[in-house]
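Enquirer: Predicted model and sequence below, questions to follow.
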Amino acid sequence: MKKVLLITTFLPNIGGGSVILRSLIPALKDKDIDIEWFYLTEKEVDFPEAKRLGEGLMGGNLLKDFVNSGLLWYGIKTSLLKSTIDKILSLKADTYWVIGHSDGILIAKELAQKTNTPVHLTIHDDLVGGWFGRTRRYRWLLNQASKMFAEAMHAVSSVDVVSESMRRYYQKMLGVDSVVVHRYLPNLPKLDAKPIEQNTLIVGHIGSIYSAHEFRLFCEALESYGQQQGLSVKFIVIGADRRFLPTDFSRLIVDIPHLSENEAIAELAQCHFLYAMYPFDNAFAIFRQTSLPTKVTTYIQVQRPILAHTPSDSTLAEIISTYKLGINTDALTTANLNQAIAQICEYQLSENAFEVAHTALFGMENVNRMATCLNKNSYQPARQG
């Protein structure tokens, strides 16, 4: 079997990137590709499918991290970077697979320069506009990160990205070819038909809340709509960061801190519709235009209409409109959001809308594309246009 060493700078059991990887790894094994997953973080978690290799290159004490991150992104090879690369190179691998989240870019670039073993790079969120541009701590490094990112993208053997718009973006901006690899869903679940509560409007949401302001606005509109229609309203919110939950809507929100995805799908299947928001702020423009919220893959499995609260230029809006999974709205007033809620409550899905979206976006072709990338037999830099 092909031996592939997977390196992440985030935990293997948390976050959208981990969900995507966990969906691909078992299917890749069926293609004779053996993935050994190592992660670089401060803490170790109980996750037998992955091993902690050491600490990440960035983070921790603010002053120390300020100095350390400056050195790293200006090309100074710190002792930790050197020792981390040495650890990785000491492990047997036919291919290195690095996830380009924050300091993962530095690791991919260094590996590509140190070895002739192929290095494959995965991008789930754009490093510059989607990560450095959104973090206060590292925003001062934006220009230098942009330079290092471009160098890494040209140095590695192959690149996969999370959306077609991201693929086009890197081809235009960097002249780098890439392939699109989404999460792999073998099939859609067969859900038991649940009786939806009478005289109660039930709405669902899972995962990240990208902006507290727009989320709060939706809560206001949802409560207002219920009062206008004489309905009780229940807003099921699963796995959200509680810092973004408006405390004065506790009568509306059913806060569920954590469920497995299967449990979450069963919970959300009782909803009339699902809410998805992608950020409006101009600082998030590249992020929303290129990244793809992992919650979409959960919602497609739930198979309920989706209200996408986002500017029309987002990947989220594109999927909802292309596959007719619900409606998009960029409303930023309670009155306009009320209209959008009324529309989604009346929305009629076609019988096979979610099957079509599943087949087109999250089928076996994703595994095949990733297998092609990881099966490279020799170093060959990502082609420049």
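Expert: Yep, that arrived. Please read these numbers as outputs of a predicted model, since none were measured by experiment.

Enquirer: can you pull the contacts of the residue nearest the centre of the chain?
Expert: Centrality entry for the chain: nearest residue to the mean C-alpha point is Gly16, 4.2 Å, by Cα atoms, centre = their mean. Each residue near Gly16 by Cβ atoms under 8 Å, 6 or more residues apart in numbering is listed here: 124, 207-208, 293-295. Every C-beta, even on glycine, is put in place using the N, C-alpha and C of the backbone.

Enquirer: Now that we have those, which of them are buried?
Expert: Burial by neighbour count, judged by 16 or more other Cβ atoms under 10 Å, picks out 124, 207-208, 293-295 from those.

Enquirer: Relative to Leu185, which of these is nearest.
Expert: When those are compared for distance to Leu185 (Cβ to Cβ), Thr294 wins out at 11.5 Å.

Enquirer: hang on, the earlier thing: please report the distance of the residue nearest to the centre of the chain from Gln228.
Expert: For Gly16, the distance to Gln228 (Cβ to Cβ, to the nearest Å) stands at 35 Å.

Enquirer: again with Ala371
Expert: 53 Å.

Enquirer: Going along the chain, name the strands of the stretch 201-350 of the chain.
Expert: All strands of the stretch 201-350 of the chain, identified by DSSP state E, counting those that start in this stretch, fall at 232-238, 253-256, 273-277, 306-309, 326-329.

Enquirer: Ile265 touches Ile300, doesn't it?
Expert: No - in this structure Ile265 lies outside contact range of Ile300 using Cβ atoms under 8 Å: 10.1 Å.

Enquirer: higher neighbour count, these two?
Expert: Summary of the neighbour comparison: Ile265 and Ile300, criterion other Cβ atoms under 10 Å, with Ile300 having more neighbours (24 against 19).

Enquirer: so the more buried one makes contact with Leu325?
Expert: Yes - contact status for Ile300 versus Leu325: in contact at 7.4 Å, counting by Cβ under 8 Å.

Enquirer: so what sits against both of those two?
Expert: Both Ile300 and Leu325 are contacted by 354, 357, under the criterion Cβ under 8 Å, 6+ apart.

Enquirer: Please report phi then psi for the residue nearest to the centre of the chain.
Expert: phi -60, psi -40 (degrees, to the nearest 10).

Enquirer: confidence score at it?
Expert: Gly16 is assigned a predicted lDDT (pLDDT) of 88.

Enquirer: re the thing from before, among the strands of the stretch 201-350 of the chain, which is nearest Leu6?
Expert: Counting by Cβ to Cβ, Leu6 lies closest to strand 232-238 out of the strands of the stretch 201-350 of the chain; the figure is 27.4 Å.

Enquirer: So which bits of that closest one are buried?
Expert: For strand 232-238, the buried set under the neighbour-count rule, 16+ other Cβ under 10 Å, comprises 233-238.

Enquirer: between those residues, which is closest to Gly175?
Expert: Proximity of the buried residues of strand 232-238 to Gly175 was ranked by Cβ to Cβ; the top entry is Ile238 with 40.9 Å.

Enquirer: didn't that closest one look like it was pressed against Glu267?
Expert: Yes - here Ile238 lies in contact with Glu267, judged by Cβ under 8 Å, at a distance of 6.7 Å.

Enquirer: what sits in contact with each of the two?
Expert: Overlap of the contact sets of Ile238 and Glu267 (by Cβ under 8 Å, 6+ apart) consists of 204, 256, 259.

Enquirer: Show me which of the residues you listed are buried.
Expert: By neighbour count, with 16+ other Cβ under 10 Å, those hold 204, 256 as buried.

Enquirer: Any chance of JSON lines for the shared contacts of Ile238 and Glu267, columns pLDDT and distance to Gly129?
Expert: Putting the shared contacts of Ile238 and Glu267 into JSON lines (pLDDT from 0 to 100; distance: Cβ to Cβ, whole Å) gives the following:
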{"residue": "Gly204", "pLDDT": "96", "distance to Gly129": "29"}
{"residue": "Ile256", "pLDDT": "94", "distance to Gly129": "32"}
{"residue": "Leu259", "pLDDT": "91", "distance to Gly129": "32"}
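
Enquirer: Correct me if wrong: Phe249 contacts Cys219.
Expert: Yes - Phe249 is in contact with Cys219 according to Cβ under 8 Å; the separation is 4.6 Å.

Enquirer: returning to what we had before: closest one of the shared contacts of Ile238 and Glu267 to Asp32?
Expert: Taking Cβ to Cβ as the measure, Leu259 is the one of the shared contacts of Ile238 and Glu267 closest to Asp32, at 34.2 Å.

Enquirer: ok, the closest one to Val296 distance?
Expert: Shown here: Leu259 relative to Val296, a distance of 17 Å by Cβ to Cβ.

Enquirer: Tell me which helix or strand in the protein has the weakest average pLDDT.
Expert: Ranked by mean pLDDT, DSSP states H and E, the weakest helix or strand in the chain is helix 127-130, scoring a mean of 84.

Enquirer: Can you list the buried residues in it?
Expert: Using 16+ other Cβ under 10 Å as the test for burial, helix 127-130 gives 127-130.

Enquirer: hmm, which two among those residues are most spread apart?
Expert: Comparing all pairs in these by Cβ to Cβ, the longest separation belongs to Leu127 and Gly129, at 8.2 Å.

Enquirer: which ones are touching Thr9?
Expert: In this structure, Thr9 makes contact with 39-41, 56-57, 99, 101-104, 107, judged by Cβ under 8 Å, 6+ apart.

Enquirer: who wins for neighbours among these?
Expert: Comparing the contacts of Thr9 by number of neighbours (other Cβ under 10 Å), Ile107 comes first, having 26 neighbours.

Enquirer: Helix, strand, or coil at that residue?
Expert: Look at Ile107: counting by DSSP: H, G, I helix; E, B strand; the rest coil, its state is helix.

Enquirer: What of Trp37?
Expert: Once three-state DSSP is applied, Trp37 turns out strand.

Enquirer: so how far is Ile99 from it?
Expert: According to Cβ to Cβ, Trp37 stands 10 Å off from Ile99.
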